[in-house]
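> fold the following for me, if possible:
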Amino acid sequence: MSKRLYVGNLPQSADKLGLEKLFGRCGTVNSANVITDRVSGRSKGFGFVDMAYDNEALKAIDELNGSDFDGSSLIVNEAKPQRSNQSGAGGTRRPGPPRGRW
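So this is what the prediction gives:
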């Protein structure tokens, strides 16, 4: 079964291919991505890697957590499940007239 890993403290130079290569030393990488800002397109400093097998994911955590990657000390651990936003609106809205441009 596959396991999703969180990778933090990524340098600005990090990209998908670099993560795939780095984590590929520990096992089979199903996918990798670096989270970027929607406006600027710059890295937010973290990403996710999906490893094919649990034992390879544990090996990646052991070997890569705290390791140097282009001058940054990586944080690697098991990703937590994404929280769902039940309201769908991102928050609560006070009653009153509509906001925004007309």
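
> which other helices and strands contact the longest helix belonging to the chain?
For the chain, the helix with the greatest residue count under DSSP state H is helix 54-64. Helix 54-64 is packed against strand 3-8, helix 16-24, strand 43-51, strand 75-78, with contacts defined by 3 or more CB pairs under 8 Å, 6 or more residues apart in numbering; DSSP states H and E. Yep, even glycine has a C-beta here, placed from its N, CA and C like the rest.

> ok, and what's touching the third one?
In this case it means strand 43-51. Identification of contacts with strand 43-51 by CB atoms under 8 Å, 6 or more residues apart in numbering yields 2-10, 12, 14, 16, 19-20, 23, 26-37, 57, 60, 79.

> follow-up on the earlier one: run through who's touching whichever helix or strand comes after the longest helix of the chain.
The helix or strand immediately downstream of helix 54-64 is strand 68-69, counting by DSSP states H and E. With contacts defined as CB under 8 Å, 6+ apart, strand 68-69 is touched by L10, P11, A14, G18, L22, L74.

> okay, the helices and strands packed on helix 54-64 in a markdown table with mean neighbour count and distance to D68 next?
As requested, the helices and strands packed on helix 54-64 are exported to a markdown table (neighbours: other CB atoms under 10 Å; distance: least, CB to CB, whole Å):
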| stretch | mean neighbour count | distance to D68 |
| --- | --- | --- |
| strand 3-8 | 19 | 13 |
| helix 16-24 | 17 | 11 |
| strand 43-51 | 18 | 15 |
| strand 75-78 | 15 | 12 |
